[in-house]
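> the sequence and its predicted three-dimensional model are supplied below.
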There are 2 protein chains.
Amino acid sequence: MLTLDYANCLSTRVGPHGLDPARVDPNGRQAQGIAELTKQLNASRGTGWQGWRELANEPMRSAHLNAVHAVANQCEGRFDNIVVLGIGGSALGNIAIQAALNKPTYNLLDTADRPGPRLFVVDNVDPDNLQAVLDICDPKTTLYNVVSKSGETAETAAAFMIVRNALQERIGKKWSTHIVAITDPAKGTMRTICDQFGIDTLPVPDGVGGRFSVLSPVGLFSAAMCGIDIDALLGGAQAMDKRCTNPDLTKNPAAMLALLLVELGTRKGKTNHVLMPYANSLKLLGDWYAQLWAESLGKKYDTTGEVVFTGFTPISALGTTDQHSQVQLYREGPNDKVIGFVEVGEFDSDLTIPTGMGVEALGYLEGKSMIGLLNAEKRATEYALVESQRPNFTIKMPKVDAHHVGEFISLWQIATAYAGAMLGIDAYDQPAVETGKKATFGLMGREGYADWLTKVDEALGETPYTVK
Amino acid sequence: MLTLDYANCLSTRVGPHGLDPARVDPNGRQAQGIAELTKQLNASRGTGWQGWRELANEPMRSAHLNAVHAVANQCEGRFDNIVVLGIGGSALGNIAIQAALNKPTYNLLDTADRPGPRLFVVDNVDPDNLQAVLDICDPKTTLYNVVSKSGETAETAAAFMIVRNALQERIGKKWSTHIVAITDPAKGTMRTICDQFGIDTLPVPDGVGGRFSVLSPVGLFSAAMCGIDIDALLGGAQAMDKRCTNPDLTKNPAAMLALLLVELGTRKGKTNHVLMPYANSLKLLGDWYAQLWAESLGKKYDTTGEVVFTGFTPISALGTTDQHSQVQLYREGPNDKVIGFVEVGEFDSDLTIPTGMGVEALGYLEGKSMIGLLNAEKRATEYALVESQRPNFTIKMPKVDAHHVGEFISLWQIATAYAGAMLGIDAYDQPAVETGKKATFGLMGREGYADWLTKVDEALGETPYTVK
């Protein structure tokens, strides 16, 4: 079970840069407010854009697991590669789960040593990147997994159109049997395409926005294809969800996590929120967290319509690696951050540093375990941050397995719901993305958007301000 | 040649969140100060910790190129894998250059399709990660490239000791012929080890700190092994260096870049500095930049000894991908950022989005180039940021090749030297890292550090502040 140590966020540890322990006292006024909020979230769960909150519970859980396993079973043995085409919430979760739960060398292993096909995720319209993937994936043995609720996301649509053409050229009419789409079950452009060409689909359920979709078929299908235990993933998520219905702040990890970050952010100026796992496998969960935290909480208006320009800047780091890159800034730069460590108890390998090097300066390492060194460095960094009065907390994960990764995902999703409510904003919209989409349509010559081209050209005209 | 467009950093574009154009007027008072600073940097170049500034110039350039090519030539054909063991500045540059200049699928290509052995960089003491690399790299055909000036960096030393043992077990006495060390040419623990066992070495030159070492053998050797044109890399760096000796601010890209970021940071509260290339290949140069900018400028004291807690938080992003993750925050969150775009003119592939999809909503994409879409999205995002009064600039890179990547690296290194001088701090030390190192020694039981163990245990004792 994941635990959350937050002593280093309190003034007793980091002085005026921390919170007064009274703010987290289970009998204090603040805790009463949180208990109320928990009751509200418990009552509204599953409604509107909180549909994601039911993904790990019945009946959705079994429905999705059955559907995903059915399609994955159909595909079994047919493909050497699976290529996900998606962007943002349709890619970050897939990448993160794969990195967390399969080996870093997964794609390099022989087929017999891998639990599934090689996985590639194309989440950009970079031509060299897509070309490199096309070059290496024989269309005859490649499955493309298109992930788009509407089908109109420009990046995903462009990649899909290129891939469809390549498949059609190489395998003819059967091209559609090399595609599994995850899309709206009832409407939209991708739905129409899938119906027309008989493409297999899995649903993006109602009330599940992109950044809250990793535990839906969006994240589950590619994971299942790569041999990840998606049942255990949802099991972990459900276990965490249950803990996060507890009105007692001190027993509810999501409520506490949100409270710490929101209060340190809004009352103490700690607006940069670093997630720094001490395990390579968890690094890309940092990118997934970064979308969730940035896009959900970065809002101009609160729900009353007042201009607030609120939100926090998520930063993905890695220990020990970033001790040699970012920790100098974290300790001596502006005191504007909260550092969230993730400490892992048990690894699959336990390499021991051998004896016999015969060099005095390195003698202290001989015979020690690598895990021991890794976690000593984490504790030493935690100490150094406390000494500099920099607030930090530690999520302890007993082992990086599907159950605990499910817990971790659920923890941050629910914490985001809490944080949105605490900030008084809508955590589920992304209004600021619209302008760029419309301007892109204008620049690409889409009918009806010519005025956007004019606007862009007027705003970004030639100036003398270029160093050349 | 790289260019720098900075119109969107000025108040004429982004209102009160931008700089007054007078601050960058070539005839203004500020420009005179910068001209003075340029003269100082020109006069002191190559001295003290500015040794890195001469890496792309003769005589160092030829000396290093010859030495690196000589060792690389000796290794040619002998190895299927090269594994770099290093951390921080001894790894980030290697990773970034490889990602920029070789295909994303490089390690997956057949030997005949690759210009060199597979490359792995082990820059953490994560046991599962190292074990996965050991499992996949047959010791008989693997070269280990240990990068450590002193040899005492705990992470690198631990990995080296494990690897040495594995090599010795598998290939016996010849183990040392599977190692190339990049280390201090005259002194230190690694030097002693290399002399004792006859390990081939290349130098970390004097006056070149870790984060300024990518253009020394530290970065050049693994690049050369993987077929990268290191002569062109240094050629590009030299060309940029020359431009950055110009006292005219408006013709000196590094001086202008530093001025914009320092002034926006210190006068306008834009303390988060995002680097957002629109090209997958440049994404990991963002991690390299993040170390350079964070560790050089994040300082508690200025050079007069006054407490300043200065520095900026570097953030590595990727377009278009992060439009679907971070841009909501960048436009509507706190106005505390400068966004630095990198726009690439030409890619190797120019995929065209095919016609014939037959879906009205996607018709505007048909027949367009993928590069066109990528750069339209960049321009649209630039527009959207300007509309929200968020300062941003664009570095234009004609093509991602060795020459231009050399320019890019040099630009940021010299900009860092300027920024350090503008902030009045020492850009070349990293005093805050020492506490963590000593505390690690204490926790690992190194002789002479027992008091650090006590300090850590006292500071981080048990508390009730855990959610479990």
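On my side now, so go ahead.
> going by C-alpha atoms from here, please, whenever you check contacts or count neighbours.
OK.
> can you give me the strands for the stretch 201-350 of chain A?
Counting by DSSP state E, counting those that start in this stretch, the segments of the stretch 201-350 of chain A that form strands are A:272-277, A:299-301, A:307-310, A:313-316, A:337-346.
> would you list those strands in CSV and tack on mean pLDDT?
Output for these, formatted as CSV (pLDDT from 0 to 100):
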stretch, mean pLDDT
strand A:272-277, 98
strand A:299-301, 98
strand A:307-310, 98
strand A:313-316, 98
strand A:337-346, 98
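> now mean neighbour count and distance to chain B too, for those strands, in CSV please.
Below are these laid out as CSV (neighbours: other CA atoms under 10 Å in any protein chain shown; distance: least, CA to the nearest CA, whole Å):
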stretch, mean neighbour count, distance to chain B
strand A:272-277, 24, 9
strand A:299-301, 23, 5
strand A:307-310, 17, 5
strand A:313-316, 24, 7
strand A:337-346, 22, 10
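> what parts of the stretch 101-250 of chain A come near chain B?
Residues of the stretch 101-250 of chain A lying near chain B by CA under 8 Å from any CA of the partner chain: A:103-105, A:107-109, A:123-129, A:131-133, A:136, A:152, A:157-159, A:161-162, A:165, A:189, A:193, A:250.
> again, only this time at 6 Å
A:124-128, A:162, A:250 (CA under 6 Å from any CA of the partner chain).
> cool, the stretch 301-450 of chain A as well?
Taking CA under 6 Å from any CA, the part of the stretch 301-450 of chain A that reaches chain B is made up of A:309-311, A:321, A:324-326, A:328-329, A:332-334, A:349, A:351, A:353, A:364, A:374, A:376-377, A:380-381, A:384, A:432-433, A:435-436, A:439-440, A:443, A:446.
> which residues does whatever residue of the stretch 351-468 of chain A ends up closest to chain B contact?
Closest to chain B within the stretch 351-468 of chain A is residue A:466: 4.3 Å, counting by CA to the nearest CA. Contact analysis of residue A:466 by CA atoms under 6 Å, 6 or more residues apart in numbering or on different chains lists B:4-5.
> at 10 Å what do you get?
Shown in contact with residue A:466 (CA atoms under 10 Å, 6 or more residues apart in numbering or on different chains): B:3-7, B:250-251, B:253, B:256, B:393-395.
> filter those down to the ones near chain A?
B:3-7, B:250-251, B:253, B:256, B:393-395 (CA under 10 Å from any CA of the partner chain).
> and the residue of chain A most remote from its centre, what's its pLDDT?
Here chain A reaches farthest from its C-alpha mean at residue A:358, the gap being 44.7 Å by CA atoms, centre = their mean. With respect to pLDDT, residue A:358 has a value of 90.
> what sits against it?
Residues near residue A:358 by CA under 10 Å, 6+ apart: A:366, B:193.
> SS state for it?
Secondary structure assignment for residue A:358 (DSSP: H, G, I helix; E, B strand; the rest coil): coil.
> so what does it look like in phi/psi?
As for residue A:358, its main-chain torsions (degrees, to the nearest 10) stand at phi 70, psi 30.
> and if you look at residue A:80?
Taking degrees, to the nearest 10, you get phi -90, psi -20 for the backbone angles of residue A:80.
> state the helix or strand in which residue A:98 lies.
Residue A:98 belongs to helix A:92-101 when assigned by DSSP states H and E.
> who wins for neighbours among the residues of the stretch 101-250 of chain A next to chain B?
Neighbour tally across these (other CA atoms under 10 Å in any protein chain shown): the maximum, 29 neighbours, falls on residue A:125.
> in which helix or strand does residue A:395 reside?
Applying DSSP H and E as the criterion places residue A:395 in strand A:392-399.
> got the angle between the following helix or strand past that strand and strand A:392-399?
Later in the chain than strand A:392-399, the nearest helix or strand by DSSP H and E is helix A:402-423. If you take axes from the mean of the first three to the mean of the last three CA atoms, to 10 degrees, helix A:402-423 sits at 150 degrees to strand A:392-399.
> what angle do helix A:402-423 and helix A:92-101 make?
If you take the same axes, to 10 degrees, helix A:402-423 sits at 140 degrees to helix A:92-101.
> quick check: buried residues in helix A:402-423?
For helix A:402-423, the neighbour count (16 or more other CA atoms under 10 Å in any protein chain shown) marks A:402-423 as buried.
> coming back round to it: could you flag which of the residues of the stretch 301-450 of chain A next to chain B are buried?
Buried, going by 16+ other CA under 10 Å: A:309-311, A:321, A:324-326, A:328-329, A:332-334, A:351, A:353, A:364, A:374, A:376-377, A:380-381, A:384, A:432-433, A:435-436, A:439-440, A:443, A:446, out of these.
> C-alpha coordinates for the strand or helix carrying residue A:191, PDB please?
In the assignment (DSSP H and E), residue A:191 maps to helix A:189-197. What follows is helix A:189-197, C-alpha atoms only, in PDB (Å, rounded to 0.1, in the frame of the first residue of the first chain):
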ATOM      1  CA  THR A 189     -15.500  11.500 -37.100                       C
ATOM      2  CA  MET A 190     -13.500   8.500 -36.000                       C
ATOM      3  CA  ARG A 191     -16.700   6.600 -35.200                       C
ATOM      4  CA  THR A 192     -17.900   7.300 -38.700                       C
ATOM      5  CA  ILE A 193     -14.600   6.100 -40.200                       C
ATOM      6  CA  CYS A 194     -14.600   3.000 -38.100                       C
ATOM      7  CA  ASP A 195     -18.200   2.100 -39.000                       C
ATOM      8  CA  GLN A 196     -17.500   2.700 -42.700                       C
ATOM      9  CA  PHE A 197     -14.400   0.500 -42.900                       C
END
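> for that helix, packing partners?
When contacts are defined as 3 or more CA pairs under 10 Å, 6 or more residues apart in numbering or on different chains; DSSP states H and E, helix A:189-197 packs onto strand A:179-183, strand A:200-203.
> flag every buried residue along stretch A:388-404.
Within stretch A:388-404, the residues scored as buried using 16+ other CA under 10 Å are A:388-397, A:399-404.
> quick one: residue A:250 from residue A:34, how far?
10 Å (CA to CA, to the nearest Å).
> any shared contact partners between those two?
Both residue A:250 and residue A:34 are in contact with A:24, A:26, A:256, where contact means CA under 10 Å, 6+ apart.
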